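> quick check, what structure comes out for this input:
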Amino acid sequence: MSLKKQTGSYYTPTHIANFIVKRVFNKSEESRLTILEPSAGDGEFIRALSNNILCSDIKVEKILAVEISETESNKIKKNINLDELDVVHADFLDFQTGLQDCSFDLVIGNPPYVKRNYLSDKQIELCAAIHAQFPTLSTSTVKNIWSSFLVRSISVLAENGILALVLPSELLQVKYAKELRELLLNEFERIEVFTFNELLFKECKGQDTLILIAEKKSSAPGLFFCNIEAPDELGGDVTKLKLNEHKVVNSLKWTSHALTTSECSLIEKLIKKIPKVSDITSSKAGIVTAANSFFIVNQDNINKYSFEKYAKPIIQKSTYVGCGVVFDNKSFNDLLTLGTPCFLLDFNNGFGVSDNLSKSQYILEGVEQGLHNRFKMLSRKEWFHVPNIGTPAPAFFFKRCHEYPKIIKNEANVLATDTAYLVYPKDNYDINSLIFSFYNSLTLLLAELYGRYYGGGVLELTPNEFKSLSIPYISISDSDFEIYSKEFMNISSIDDICLKYDEIILRNSFPKITSEQIKKLQNIRKKLSLRRQRL
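Numbers count the residues shown, from 1 in each chain. Sure thing, here's the model as predicted:
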């Protein structure tokens, strides 16, 4: 495990720290500031504060810098000479001295990013206790340490205080952060969110980042967003950046900030009239092998070990299904020809290790790799028995995508790994009509709004986010679906699919929808998709 994953230490670039300090100093009306830096790191924010104090009218009474690394805290003491500075080597989650009966005019910094599974039991307990300070927060929101740094920072702010933090974009996107978004709206009169077209931390691939500046009191209240095209925009006059006010729509995440009020209203109006995916289907996650490279093999390995009776066809990745809406026998055979691993080894049904000599040898190879000691293997009666294999589903929805979300008909009758959700239509609905209805601008733009995105433009929908998608269901014949499937293969982009079929799908559910409104939905989808893929 890397040190960065354990500590979440991704240090703030100088230009980011300087921008935040200048922006905050321009806002503060306090004559003498008390400042807290809860995760001081290498001291970048302390340096930015020191430099800007010298060239402003701001007077600083005290700067308290807390840092969990003794090495880094000693560096700050050695390299930064400020009379007002008090550097403490401690874990901010557990730090009490200097915080009891104390409040700060400014809390500024870049909290660590550490997922729950990398936290100690003590840290998890501390995080839960911090969240419990606010009745509206549940301890289930403790998914990452940054949220507890945010909550504790709020709790030590003065009545007129300002919060200025670098945070992951999960704050805008993920379901568990909904309580945090509501807490911010309740605690602060003015909130500014700065998003970026580039990753702020190049070494932290896949993690988009934002700047949050929140004011307890403000003469110009509201929730405001500003997208920064290029980093050099931060070097100019911090008062000249254009911020757009965003009216919060209850059912949408803050990712909807890219939309206008009229666009949000149109979406809200339409989704009230149509069913959700959960209304017309049941779904569940695919198979968890816990070691795909061992349990999913190609035809050569099936032949080598004589594993024909254990082999079950399976699809591993969305990239294997191509650009159509049907995965058929030809699609599967094409993968076999390429040598793609497409067979799941099912050693269940009472077969012992001694049942087959080749099987015994193969399982011993897994033991030599240490697979039997993996966490998920330890909960199995036999580590090499993959649980919950079940039978093939009529369709699968891949939880991660790049250009657009994919729901695919499973004509090849194959299994699927947990990269996909297995989809089963409920009574009075059929899989062909479901797939046809799914590919429209409204449902696809909702996927952009409900899902979360990562560096590289990857969109992910959790099971609940997939189930919550609204879908304008229209029933079509099998012959119509066959024509549609062939056209889908031949049309070059999802834009063209929407242009061709939006009128049919959307007008069936919304007879009074106008061509202008359909065009607006198409533009919203493209805007959100392009914004996600900018990275």
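
> in the sheet, who's paired with the residue sitting nearest the centre point of the chain?
Nearest to the mean C-alpha position of the chain, by C-alpha atoms, centre = their mean, lies R452 at 3.6 Å. Taking DSSP bridges as the rule, R452 bridges to E460.

> from G370, how far off is it?
Distance, R452 to G370, by C-beta to C-beta, to the nearest Å: 32 Å. Where C-beta positions appear, they are placed from N, C-alpha and C, glycine not excepted.

> residues in contact with L521?
Under the criterion of C-beta atoms under 8 Å, 6 or more residues apart in numbering, the neighbours of L521 are 266-267, 441-442, 445, 502, 506.

> doesn't it lie inside a helix?
Yes - applying DSSP: H, G, I helix; E, B strand; the rest coil, one finds L521 inside a helix.

> the nearest residue to S437 once chain neighbours are set aside: neighbour count?
Nearest non-adjacent residue to S437, counting by C-beta to C-beta, 6 or more residues apart in numbering: Y473, 4.7 Å away. For Y473, the neighbour count with other C-beta atoms under 10 Å is 20.

> would you confirm that Y473 contacts V277?
No - when contacts are counted by C-beta atoms under 8 Å, Y473 is not listed as touching V277 (9.6 Å).

> follow-up on the earlier one: does the residue nearest to the centre of the chain touch L171 like I think?
No - at 10.7 Å, R452 and L171 do not qualify as touching, with contact defined as C-beta under 8 Å.

> where does the stretch 151-300 of the chain have low pLDDT?
199-207, 249-252 (pLDDT under 70).

> can you map out the helices along it?
170-173, 178-187, 261-271, 277-280, 292-295, 299-305 (DSSP state H, counting those that start in this stretch).

> buried residues in the longest one?
Of the residues in helix 261-271, those buried under the neighbour-count criterion (16 or more other C-beta atoms under 10 Å) are 263-264, 266-267, 270-271.

> what does the second one give?
Within helix 178-187, the residues that qualify as buried are 179-181, 183-184, 187, counting by 16+ other C-beta under 10 Å.

> specify which member of the residues you listed is nearest to K115.
Nearest to K115 among the buried residues of helix 178-187: L180, at 16.0 Å, using C-beta to C-beta.

> quick one: contacts for that closest one?
137, 141, 147, 150-151, 171.

> check the gap between it and W146 for me.
10 Å.

> three-state assignment of the residue nearest to S437?
coil.

> mind giving me the domain ranges of the chain?
1-182, 267-282+397-534, 287-388 (the TED database).

> now tabulate the ones you listed in CSV and tack on distance to F224.
Below are these laid out as CSV (distance: least, C-beta to C-beta, whole Å):
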stretch, distance to F224
domain 1-182, 12
domain 267-282+397-534, 17
domain 287-388, 36
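
> each with direction, which strands does the longest strand along the chain pair with?
In the chain, with assignment by DSSP state E, the single longest strand is strand 157-168. If you go by DSSP bridges, strand 157-168 pairs up with strand 104-109 (parallel), strand 209-215 (antiparallel).

> now, the most widely separated pair of the buried residues of helix 178-187?
E179 and E187 (12.2 Å).

> which parts of the stretch 301-450 of the chain are helices?
329-337, 357-368, 375-378, 431-438, 441-450.

> make CSV out of those and add mean neighbour count.
Converted to CSV, the helices of the stretch 301-450 of the chain look like this (neighbours: other C-beta atoms under 10 Å):
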stretch, mean neighbour count
helix 329-337, 15
helix 357-368, 14
helix 375-378, 13
helix 431-438, 23
helix 441-450, 24
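
> low-confidence stretches in the stretch 351-500 of the chain?
Checking the stretch 351-500 of the chain against pLDDT under 70 turns up 351-358, 455.
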